[in-house]
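K.L.:
Predicted model and sequence follow; I will ask about them next.
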Amino acid sequence: MVTLKVLKYVLYDVLRSRMVLAYALLLFVFSYALFYLESDPSKSVLSLLNIVLLLVPLVSIIFGTIHFYNSREFIEMLLAQPMSRRSLFFSEFLGLALSLTLALVFGIGIPAITFGVSATSLFLILVGVLLTFVFVAIAIWSAVVTNDKARGIGVSLLLWFYFTILYDGIILLVLFYFSDYPMEKVMMILSALNPVDLGRISVLLRLDVSALMGYTGAVFQKFLGSISGTVTALALLVLWSLLPLWFGNRYFRRKDL
């Protein structure tokens, strides 16, 4: 009962944030413009995919980190009450993740419904929701481990930069230096180590746009096929949200606040 009350409070507190409202409005403007300018929903989803892969992880990880630091006094007060640390940790996580999910569904869902909802647009929303949960989990883990707020935000920014921009460069370097060797299975493993790449691959496999998949997407399609490759990528995204959540909860339960 106490856990539910904390979850409701966090939801209400986050949904009132100007940053979350601006995030929802920004997604709405981009989505509406793309669906309005393009008559083919699949092409609109492809254009919107690049925005989702950059904006959703950035907002989730930065806002999640800042909110957790700003809620430290609130967390310390609740820990003085008869409430377990595990319940408090998961209440904070779910409150943040669900609030950002509502903003995402509003920002993309309403334009999609307005211009005729399709399976591709719904699938893009699903991937966006999974990425939201992944990066909120990473954000809370980062904030729990790092006591200093500025350092914690810096770590979150570095992680976002690594997953969204730097990782692709590393993949290209690996392919360049080891081009004489069979790299297909290695590329599948490397793709599994990046949730943003998994989100991109799962959407492109769903759309079956072979020309835009890149090397890693083509490998997924070759070895797993479109349907099984999509399911595998989504399952790995779920695992990506569970692992940092487990580590963060474990550290939070042992940490001296």
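P.N.:
Yes, it's here.
K.L.:
Neighbours of Thr114, how many?
P.N.:
12 (other CB atoms under 10 Å). C-beta coordinates here come from the backbone N, C-alpha and C atoms, glycine included.
K.L.:
ok, it - contacts?
P.N.:
With contacts defined as CB atoms under 8 Å, 6 or more residues apart in numbering, Thr114 is in contact with 32, 35.
K.L.:
One more pass at 10 Å, please.
P.N.:
Thr114 makes contact with 31-32, 35-36, according to CB atoms under 10 Å, 6 or more residues apart in numbering.
K.L.:
again, but for Phe163
P.N.:
Counting by CB under 10 Å, 6+ apart, Phe163 touches 53, 57, 61, 131, 134-135, 138, 193-197.
K.L.:
Spell out the secondary structure type for it.
P.N.:
Secondary structure for Phe163, judged by DSSP: H, G, I helix; E, B strand; the rest coil, is helix.
K.L.:
quick revisit: so can I have TSV of the contacts of Phe163 showing neighbour count and secondary structure?
P.N.:
TSV is the format used below for the contacts of Phe163 (neighbours: other CB atoms under 10 Å; DSSP: H, G, I helix; E, B strand; the rest coil):
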residue	neighbour count	secondary structure
Leu53	21	helix
Pro57	26	helix
Ile61	26	helix
Leu131	25	helix
Val134	29	helix
Phe135	31	helix
Ile138	28	helix
Leu193	13	coil
Asn194	21	coil
Pro195	27	helix
Val196	24	helix
Asp197	23	helix
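K.L.:
which intervals of this structure have sub-threshold pLDDT?
P.N.:
Along the chain, the parts satisfying pLDDT under 70 run over 1-3, 179, 181-184, 208-226, 229, 256-257.
K.L.:
so which pair among the contacts of Phe163 is furthest apart in space?
P.N.:
Greatest spatial distance among the contacts of Phe163 (CB to CB): Ile61 and Leu193, at 16.8 Å.
K.L.:
Helices of this protein, residue ranges please.
P.N.:
2-15, 18-37, 41-70, 72-79, 85-104, 110-114, 119-145, 149-161, 167-177, 184-192, 195-207, 214-224, 226-254 (DSSP state H).
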